[in-house]
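In: Coordinates for the following, if possible.
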Amino acid sequence: MNSIGRSTALLTLGTGTGQVFSLLRSLFIAAAVGVSSSFDAVLVAMVIPTILSIFLSGSVRVALVPTYLRIADRAGEAEARRFLGGLLTYLTFAAMATAALVALLPGLSVSISGPGLGPEARLLAAGYVPLLAPMLAFMAMTNLLVGVCQIGRTFGPIALSTVLGPLAALIVTAALWSQLGISAYVLGTTVGTGVNLATLVAGAIRRGLLPAPSLRLDRAELQAFGRHVLPMSAGSAFLQLNLISDRAIATLLTAGAASALKYGQQIVTEPAAAFSTSWATVVYPAVIASGGPNARGTMGAAMTTATRYTLAVFIPVMVATMALAPLIIGVVYGRGAFDQAAIRTTATVAVAFAPMLLLTMIQPVLVAAHNARRRGVLMGLTAVSNAVLNVVLDLLFGKVLGVVGIALSSSVTLAILLAFLTWRVPADEGFRVRELADAGGRALAASLVPGVPIGLLCWWLTREGPIGGALPILVALSIIGAIGYLLATRLVRLAEPWVMIGAMRDAIWRRLK
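Out: Coordinates of the predicted model:
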């Protein structure tokens, strides 16, 4: 457990540092071009290479580790490395060929992911696609190399790559901006993914993990691998439709809509994804273990406990994001070309995305519970439903609310599917939904006590634009809100925040002793 904890901390530190560099790059581009059709063109050009890279390698990486271990156990380490070398060789060829095809057909990529772009923006996007096409191969091979490092239980190169890739992208963007303009952002994106891959390759070679290339693959093992990967790849393909539909429908609304959506995601959903990944790493084995043959009756209790603490922590975070959104967006982006209209639009997008902070933390608990029971068909149907429902709500909400509706559709879609997964947890597993509804209601009530007045003040202060001393005000309101929430939990008798504070206090005290 100490080893797992250290590895998790290392990866979290690397990912967090990389996100800081990515945010700095976004700040640079926001100040330079703001919410604009030119940045919409860049975002549209990135969609197809990103989706195809995930389709080619995402599910393969998940299946790579158990397949390697099974072959090593059955036929020895040498045979497992030979199979791994062959698989990496063929998948590298496939990634390179796909990247070349995307580069040769830029118009098709833009037509799929940006049907609403104007003629000038469409031309820009088509010109960016060949520059971004290598990113497809780099990202796909990076995913595979992450699997190789996981097999060797070597996490240092993974953590380092999450830092060096975004850093390289930031340096290239800033250094070449005066010569290339927004094309420097495109080039920086490709260079960053190349640095990711190079870092992993160097780390794998240094630790003797990278197998020799091979053109030979055992047919029986390949068939078994395919049976494992293909259903997951099908589900993954449907999930990737979310990115296409969000960007494509945004381009149909107004110039700059895709940009505002990206900026809002950068502030809300990307940090949420980082938190949820770390949380899933911890909670997944705990829930799985609680559902083992010797502890079946405790799964519901484990899920209930994990979800109660999630509600107690992330409901106030969600409310705070909604209350402080215009101040946050103004502090982070409000400079240069990012004017008051852009701040207002992006702030409302952030509000619509805010429930994702809570929902993405609950999701790993439910997914772990269903995976523990090997309900693969259920999870596959959920992935398909996610994609279909998101498209429908994108069209419905986007027509009524504009780009805010697209952000809201992501939150509503995930909320509906998590409600479905909750309903599908068997009653005999003891998952206490009413208890969680009660805890969630108490956490929401305690959050609104400071959240409503702070939100009214914050949105009133920023109604005319960014205000002086915004950062100190943001920090002060955040502290006041946290103290107000803790005091309010006493009134509504919500114990979880105080239990967590007591646990942290005891841990610090033990360290000091």
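
In: Tell me which residues of the helix or strand hosting Ala137 come out buried.
Out: Following DSSP states H and E, the helix or strand that holds Ala137 is helix 119-151. Neighbour-count burial for helix 119-151 flags 121-122, 124-126, 128-151 (criterion: 16 or more other CB atoms under 10 Å). All C-beta spots, glycine's among them, are computed from the backbone N, C-alpha and C.

In: do the same with stretch 447-460
Out: Buried residues in stretch 447-460 (16+ other CB under 10 Å): Ser447, Leu448, Val449, Pro450, Gly451, Ile454, Gly455, Cys458, Trp459.

In: ok, and what's touching it?
Out: 315-316, 318-320, 322-327, 477, 480-481, 483-485, 488, 491 (CB atoms under 8 Å, 6 or more residues apart in numbering).

In: Sitting in helices, which of the residues you listed do you find?
Out: 315-316, 318-320, 322-327, 477, 480-481, 483-485, 488, 491 (DSSP state H).

In: Show me what the helix holding Ala137 is packed up against.
Out: helix 37-75, helix 77-104, helix 106-113, helix 156-180, helix 183-206 (3 or more CB pairs under 8 Å, 6 or more residues apart in numbering; DSSP states H and E).

In: So what's the model's average confidence on that helix?
Out: Helix 119-151 shows a mean pLDDT of 89 in the predicted model.

In: Might you quantify the distance of that helix from its chain's geometric centre?
Out: Taking CA atoms, centre = their mean, to the nearest Å, one finds helix 119-151 lying 17 Å from the centre of the chain it belongs to.

In: between it and helix 183-206, how many degrees?
Out: 10 degrees (axes from the mean of the first three to the mean of the last three CA atoms, to 10 degrees).

In: when you give positions from now on, start the count at 9
Out: All right, first residue 9 from here; so that's helix 127-159.

In: I only care about the ones in helices among the contacts of stretch 455-468 that end up buried; give me the ChimeraX line for that.
Out: Entered in ChimeraX, the line below selects the buried ones among the ones in helices among the contacts of stretch 455-468, by 16+ other CB under 10 Å:
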select :323,324,326,327,328,330,331,332,333,334,335,485,489,492,493,496
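
In: Report the contact partners of Leu35.
Out: Counted by CB under 8 Å, 6+ apart, Leu35 has contacts Val340, Tyr341, Arg343.

In: are any of these buried, and which?
Out: Val340, Tyr341.

In: Next step: the contacts of Leu35 restricted to helices.
Out: Short answer: those in helices (DSSP H) are Val340, Tyr341.

In: With distance to Glu504 and pLDDT added, can I get the contacts of Leu35 in JSON lines?
Out: Formatted as JSON lines, those follow (distance: CB to CB, whole Å; pLDDT from 0 to 100):
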{"residue": "Val340", "distance to Glu504": "30", "pLDDT": "84"}
{"residue": "Tyr341", "distance to Glu504": "34", "pLDDT": "85"}
{"residue": "Arg343", "distance to Glu504": "39", "pLDDT": "79"}
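
In: of the contacts of Leu35, closest to Pro363?
Out: Pro363 has its nearest neighbour among the contacts of Leu35 in Val340, at 20.0 Å by CB to CB.

In: Might one say that that closest one is in contact with Leu332?
Out: No - counting by CB atoms under 8 Å, Val340 stays clear of Leu332, with 11.2 Å between them.

In: Point to the helix or strand of this structure where mean pLDDT is at its lowest.
Out: helix 277-298 (a mean of 53; mean pLDDT, DSSP states H and E).

In: which one of the buried residues of stretch 455-468 is nearest Arg518?
Out: Using CB to CB, the buried residues of stretch 455-468 come closest to Arg518 at Ser455, 30.8 Å.

In: Can you check what pLDDT the model gives the closest one?
Out: On the pLDDT scale, Ser455 is placed at 95.

In: before we move on, back to that, and the contacts of Leu35 as JSON lines, adding distance to Gly189?
Out: Below are those laid out as JSON lines (distance: CB to CB, whole Å):
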{"residue": "Val340", "distance to Gly189": "22"}
{"residue": "Tyr341", "distance to Gly189": "19"}
{"residue": "Arg343", "distance to Gly189": "18"}
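
In: so which of the contacts of Leu35 comes closest to Pro114?
Out: Among the contacts of Leu35, and counting by CB to CB, the member closest to Pro114 is Tyr341, at 29.4 Å.

In: residue contacts, the spatially closest residue to Arg224 that is not a sequence neighbour?
Out: Counting by CB to CB, 6 or more residues apart in numbering, Gly94 is the residue found nearest to Arg224 once chain neighbours are left out, at 5.6 Å. Counting by CB under 8 Å, 6+ apart, Gly94 touches Ser222, Leu223, Arg224, Leu225.

In: Got a quick ChimeraX command for the buried subset of those?
Out: Burial among the contacts of Gly94 is assessed by 16+ other CB under 10 Å; the matching ChimeraX selection reads:
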select :222,225
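
In: mind putting the contacts of Gly94 in CSV, distance to Thr25 and pLDDT included?
Out: Output for the contacts of Gly94, formatted as CSV (distance: CB to CB, whole Å; pLDDT from 0 to 100):
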residue, distance to Thr25, pLDDT
Ser222, 36, 78
Leu223, 39, 79
Arg224, 40, 77
Leu225, 38, 74
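
In: burial count for the residue nearest to Phe47 when sequence neighbours are not counted?
Out: Distances taken as CB to CB, 6+ apart place Ser267 nearest to Phe47, at 4.4 Å, with adjacent residues excluded. A count of nearby residues for Ser267, using other CB atoms under 10 Å, gives 28.

In: tell me which element Ser267 falls in.
Out: Per DSSP H and E: helix 265-275 holds Ser267.

In: Show me what that helix is packed against.
Out: Helix 265-275 sits against helix 10-41, helix 45-83, helix 227-261, helix 307-341, helix 348-361, helix 411-431, with contacts defined as 3+ CB pairs under 8 Å, 6+ apart.

In: Which of those sits closest to Ala503?
Out: Using CB to CB, these put helix 307-341 closest to Ala503, at 8.6 Å.

In: Just want the angle from the closest one to helix 348-361.
Out: Orientation check (the same axes, to 10 degrees): helix 307-341 against helix 348-361 gives 180 degrees.

In: Check which helices and strands helix 307-341 sits against.
Out: helix 10-41, helix 265-275, helix 277-298, helix 348-361, helix 363-380, helix 441-469, helix 478-500, helix 504-520.

In: Return the angle between stretch directions for the second one and helix 363-380.
Out: Calculated by the same axes, to 10 degrees, helix 265-275 forms an angle of 70 degrees with helix 363-380.

In: can you list contacts of stretch 69-84?
Out: 87-88, 91-92, 95, 151-152, 154-156, 158-159, 229, 232-233, 236-237, 240.

In: can you give me the mean pLDDT across it?
Out: On average, stretch 69-84 scores 75.

In: just stretch 433-448 next, same as before
Out: Mean predicted confidence for stretch 433-448 is 76.

In: Check the separation of the first and last residues in it.
Out: 19 Å (CA to CA, to the nearest Å).

In: Of the helices and strands packed on helix 127-159, give the one that comes closest to Val411.
Out: The nearest among the helices and strands packed on helix 127-159, by CB to CB, is helix 45-83 at 10.8 Å.

In: How many neighbouring residues does Lys407 have?
Out: 12.

In: Tell me the secondary structure at it.
Out: Following DSSP: H, G, I helix; E, B strand; the rest coil, we place Lys407 in the helix state.

In: Who are the contact partners of it?
Out: So Lys407 contacts Gly413 (CB under 8 Å, 6+ apart).
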